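Enquirer: Build me a model:
(chains A and B)
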2 protein chains.
Amino acid sequence: MKTLRLFSAILLAVLACGITTAQQALRINTGIVSPEINPDKSVTFRYFNPAADAVVLSSDCLSADTPMTKDADGLWSYTTEPLKGELYSYNFVVDGQRVLDPSNVYMKRDIALWVNYFTLSAEPYDLGWYYEVHDTPHGNVSKVWYNSPTLGKDRHMTVYTPAGYEKGDKEYPVLYLLHGSGGDEDAWSDLGRAVQILDNLIAEGKAEPMICVMPNGVYYNQAAPGVAVNMFQPTTENSRSSSTKEVEESFPDIINYIESNYRVAPGRENRAVAGLSMGGRQSCALSMRYPDKFGYVGLFSGSVPPKEASEFAALDGVFANSPKLYWIGVGKDDGAKRNSDVLRAYLDEKGYPHEYYESEGGHIWRNWRDYLIRFSSQIFK
Amino acid sequence: MKTLRLFSAILLAVLACGITTAQQALRINTGIVSPEINPDKSVTFRYFNPAADAVVLSSDCLSADTPMTKDADGLWSYTTEPLKGELYSYNFVVDGQRVLDPSNVYMKRDIALWVNYFTLSAEPYDLGWYYEVHDTPHGNVSKVWYNSPTLGKDRHMTVYTPAGYEKGDKEYPVLYLLHGSGGDEDAWSDLGRAVQILDNLIAEGKAEPMICVMPNGVYYNQAAPGVAVNMFQPTTENSRSSSTKEVEESFPDIINYIESNYRVAPGRENRAVAGLSMGGRQSCALSMRYPDKFGYVGLFSGSVPPKEASEFAALDGVFANSPKLYWIGVGKDDGAKRNSDVLRAYLDEKGYPHEYYESEGGHIWRNWRDYLIRFSSQIFK
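Expert: The predicted structure follows:
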C-alpha cells in the first residue's frame, strides 16, 4: 500500500519538522492520501500519529463523531459509508484537541475556525456537482475597494462577473448576496462556493448570467483578515447587534459603486438581494427600507418579523411593489425557523405571494449553499 | 490573566468539539490570544493542550525550534526576544506532529503546506511595515480566466490594479511576476504580500503605479486548488521540469490578454518580468526568447546561465536591446547562488550592465518579498 511504503519518508519528514524552521520545512508533503474518495463514493480518511492515544473524526459527513482506527505503523484511518454528493467539512480530534488534516490542502475558514473540506459528486446535478469546478466557461472574481460616504471609509467587497462579461457590451442583472454574523466578503465565495454554483448554473442554462456582489456586512470592519488594517481575530460578538441599521443606511453606497463601475441592467427587475442568517435579516430589512429597489428577495435562515405598526406598514410597502420573488428558506431544526414562521404567518394572512422552502437540518452552510442554488435559479427570468 | 479566566470556556469548547460535528462547532473561538505582539515587539505564543508531553515552537522568527513551557492549567507558552519587522511563519510541533495554532486565523499555504503567520512592524518602512495593511488607498485584485491558444485551454491568473485605476483613463506599466515550483497564481498575492507591498510603495511614492500580473506558471495546471477541475494536492514534482518551454511559448497569450483587457502603457519601457526560483529561471528565459519585450528583468533566486553558443547569443541579444534594469538577487546560503554567479561572471566579462543584490539566508519567501520591494521600487522610472 502506497501509504505504508512511504512511512520512512514520512517519519524523516516529521523528524525534519522538529529540527528545521517552518520556512525550511515548507515543501514537505505527508505522502498520505487523505481524504480518498473511493469508487463507491465512500471516503477514507488517514492521519499519521503513532503517539496519539485516540483520534476522532469530526465531520458533517457523519451523524456523530467517530473514533478512527490505528494500525501497527501509527496510521489512523476511517472509511465512511457511500456518501451523497455534497461539500463536506471535517477535522480530526487528537487526544481531545482539534487538529487539521495535514494531508489535505483544502481548508476553509468560517469566522475564526478553519476546517478541512472536500467535495464529492455521486451523479451530475447533485449538490456536490454544483460545488465542483467543471470544464465550462468561468466567471472572474474581483476583490474591490469602494468608498462609503455614509460610513466615511473605504470598504472591501467581492464581485463575481459571469463568463463572457469582458466581451461585448451586454448589461447584467445584479444579485447582492450577504453573509452571516462574524463573516466577511470572502464567506460566500469561499465557504459558500457561490462562484462555482453560479458558473455551473449559468453554464447549464439554469440561471441567467448575473453579476454577484458579496460585500462585508460587519459594518465596523473594513475587510476580511489579512486585507484589513490590524490583524484582528474575527468573532460573532457585536456583529449581530446594531449592524443592520448601518448596513441599511450605507447600502446605497454599494449599489452606486456597482452601477457606476459595471455594466448593470437598470431597474428593480434586475436587482436581487439575499443573505444568510444576519444577512437574511439584513435582506429582509433592506427590502422594507427600499421597497422599490429589489425585484427579488431571498431570506436564508434569517428574517425580521414585523412587531410594531411601522414594521407592518414597511412590509406592506414591500408587497405593494409586488416583488417578482420573495423567497424564504430555513431548516427544520434551525433556531431561525421561529422568526420565519411568524413572518410567513403574516404574509399568508395578508395573501402576500412568497415561496417557502423548508430543508432538513439547522443553521449550517450546507443548507445555505442549497438555498443559493434554488434562489439564484429563479431570479431575473 | 484573561487566558486563565477563559479556561473553563475553552474546556467546554474542546469537549464540544468532541461531541458535535465540525459544522456545528464552527463558531468556536479558543479564547486564547496567540500570537500576542508585546509592546517591546517580543511575541508570546500560547497553545492549550493539557494532554501533550512536549510542544515545540517551529518558526522563522527563531534561530532554531524551541520547546514551549506548560503551566498547571495545560497552557503552553513561549515568549521571544524583541523581533525585527517582518512577516513570520510558524507552527507548533505537538509530541512530534506539526499542528497549526487554533487561536490564530492567519494562515497561508505554500504549495501543499499550511503555516500560521503574523506580521510585525518595529518602525515605519521596516520590512514588516511593507507587509501590513495601512490606511492608504488600496488597489484591487482580480482572479481572471484567460484563454491560451498555445496551450489550448483556459488558465487562471491574478491581476493587481493600483488604487485609482477605475477612475480616469491613465495607461499603466505592467509587471509580470512569476512564482516558483509547485506554486500557483495565489503565491505572490498570499505568501508574497505583493498586494500590500505595491499598495504601500505606491502610496509612499516609492514605486510607480503599476499593474501586476501573477499567472500560474505550472503549465499543466489550469488554476490553484479549489478553482481547478479536480481536487489535486499540489507538489513540486514535475513542475520544475520542462515547464519553462511551455511557459515561454505561451507567455504572449498572457500579454495579449492583459493588453487587450486593461489600460496598458505601450512598449518595453512599460513592461517588466520578474520571478522567484523557477519563476526566476522563467524570467531569465523569457528575457532571452523575447529580447525586445521587457525593459526590466528581475531574477530572484533563479537564473539560467548560458551553456551553449545559442544561449550565449540569446543573452547577448538581451543586452543588445539595453534593458533599463537587469536585476539579480540571491541569498548567501541559497543553492541557486551558483547559477547566479555563473551568469554574473559572463555579464561582467561582457560588461553587460546589471544590478546584483546578495542577501542573508537561503531559498525562502522572506528574501523574495524583500527582493520584490527592491526591484519594484526601481522600475518604470
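Enquirer: For the strand or helix carrying residue A:356, give the mean pLDDT please.
Expert: Assigned by DSSP states H and E, residue A:356 falls within strand A:355-359. Here strand A:355-359 scores 98 as its mean pLDDT.
Enquirer: buried residues in it?
Expert: Using 16 or more other C-beta atoms under 10 Å in any protein chain shown as the test for burial, strand A:355-359 gives A:356, A:359. C-beta coordinates here come from the backbone N, C-alpha and C atoms, glycine included.
Enquirer: Flag every residue of the stretch 251-381 of chain A that's near chain B.
Expert: Residues of the stretch 251-381 of chain A lying near chain B by C-beta under 8 Å from any C-beta of the partner chain: A:261, A:362, A:364-366.
Enquirer: Dump these into CSV; add distance to residue B:181, pLDDT and neighbour count as well.
Expert: Putting those into CSV (distance: C-beta to C-beta, whole Å; pLDDT from 0 to 100; neighbours: other C-beta atoms under 10 Å in any protein chain shown) gives the following:
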residue, distance to residue B:181, pLDDT, neighbour count
A:261, 37, 97, 15
A:362, 44, 95, 18
A:364, 38, 96, 21
A:365, 34, 96, 22
A:366, 36, 95, 19
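Enquirer: Of all pairs in those residues, which one spans the longest distance?
Expert: Spatial extent of those (C-beta to C-beta) is set by the pair A:261 and A:362 at 37.8 Å.
Enquirer: rewinding a little: list the neighbouring strands of the strand holding residue A:356 plus their orientation.
Expert: strand A:325-331 (parallel) (DSSP bridges).
Enquirer: Tell me the gap between the strand it pairs with and the middle of its chain.
Expert: 17 Å (C-alpha atoms, centre = their mean, to the nearest Å).
Enquirer: do stretch A:192-199 as well
Expert: The answer for stretch A:192-199 is 9 Å, by C-alpha atoms, centre = their mean.
Enquirer: what comes into contact with it?
Expert: Contact with stretch A:192-199 is made by A:87, A:119, A:130-134, A:136-139, A:141, A:160, A:162-163, A:177, A:179, A:188-189, A:207, A:210, A:212, A:214, A:365, A:368-369, A:372-373, A:376, as judged by C-beta atoms under 8 Å, 6 or more residues apart in numbering or on different chains.
Enquirer: Any of those residues buried? List them.
Expert: When those are checked for burial by 16+ other C-beta under 10 Å, the buried set is A:87, A:119, A:130-134, A:138-139, A:141, A:160, A:162-163, A:177, A:179, A:188-189, A:207, A:210, A:212, A:214, A:365, A:368-369, A:372-373, A:376.
Enquirer: Now, those residues that are in helices?
Expert: Among the buried ones among the contacts of stretch A:192-199, the ones falling in helices (DSSP state H) are A:130-131, A:188-189, A:365, A:368-369, A:372-373, A:376.
Enquirer: and which of those is nearest to residue B:309?
Expert: residue A:189 (51.2 Å).
Enquirer: Please determine how far that closest one is located from residue A:157.
Expert: According to C-beta to C-beta, to the nearest Å, residue A:189 stands 10 Å off from residue A:157.
Enquirer: Find residues that contact each of these two.
Expert: With C-beta under 8 Å, 6+ apart as the test, residue A:189 and residue A:157 both reach residue A:214.
Enquirer: got a list of what residue A:163 touches?
Expert: A:136-139, A:199, A:202-203, A:209, B:145.
Enquirer: okay, those in CSV with distance to residue B:36 next?
Expert: Below are these laid out as CSV (distance: C-beta to C-beta, whole Å):
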residue, distance to residue B:36
A:136, 47
A:137, 47
A:138, 41
A:139, 41
A:199, 41
A:202, 46
A:203, 47
A:209, 48
B:145, 41
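Enquirer: does any part of the helix or strand containing residue A:92 sit near chain B?
Expert: Assigned by DSSP H and E, residue A:92 belongs to strand A:86-94. Yes: using C-beta under 8 Å from any C-beta, strand A:86-94 reaches chain B at A:89-91, A:93-94.
Enquirer: quick check, nearest of these to chain B?
Expert: Checking the residues of strand A:86-94 next to chain B against chain B with C-beta to the nearest C-beta, the nearest one is residue A:89 at 4.5 Å.
Enquirer: Based on its surroundings, how many neighbours for that closest one?
Expert: Neighbourhood size, residue A:89 [other C-beta atoms under 10 Å in any protein chain shown]: 28.
Enquirer: so it touches residue A:119, yeah?
Expert: No: using C-beta atoms under 8 Å, residue A:89 is not in contact with residue A:119; the gap is 10.7 Å.
Enquirer: Common neighbours of those two, please.
Expert: What both residue A:89 and residue A:119 touch, as defined by C-beta under 8 Å, 6+ apart, is an empty set.
Enquirer: picking that back up, partner strands of the strand holding residue A:92, with direction?
Expert: Strand A:86-94 has the following strand partners under DSSP bridges: strand A:55-59 (antiparallel), strand A:97-99 (antiparallel), strand A:113-120 (antiparallel).
Enquirer: Just the C-alphas of the top helix by length along chain A, formatted as CSV.
Expert: Secondary structure of chain A read by DSSP H shows that its longest helix is helix A:243-261. This file holds the C-alpha atoms of helix A:243-261, laid out as CSV (Å, rounded to 0.1, in the frame of the first residue of the first chain):
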residue,chain,number,x,y,z
SER,A,243,-25.1,46.3,12.4
THR,A,244,-28.4,46.1,10.4
LYS,A,245,-29.1,49.8,10.7
GLU,A,246,-25.6,50.8,9.5
VAL,A,247,-25.8,48.2,6.7
GLU,A,248,-29.2,49.5,5.6
GLU,A,249,-28.2,53.2,5.6
SER,A,250,-24.9,52.6,3.8
PHE,A,251,-26.2,50.0,1.3
PRO,A,252,-26.9,52.6,-1.5
ASP,A,253,-23.2,53.3,-1.4
ILE,A,254,-22.6,49.7,-2.6
ILE,A,255,-25.2,49.9,-5.3
ASN,A,256,-23.9,53.2,-6.5
TYR,A,257,-20.4,51.9,-6.8
ILE,A,258,-21.5,48.7,-8.7
GLU,A,259,-23.8,50.6,-11.0
SER,A,260,-21.2,53.2,-11.9
ASN,A,261,-18.3,50.7,-12.3
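Enquirer: Thank you kindly, that will do.
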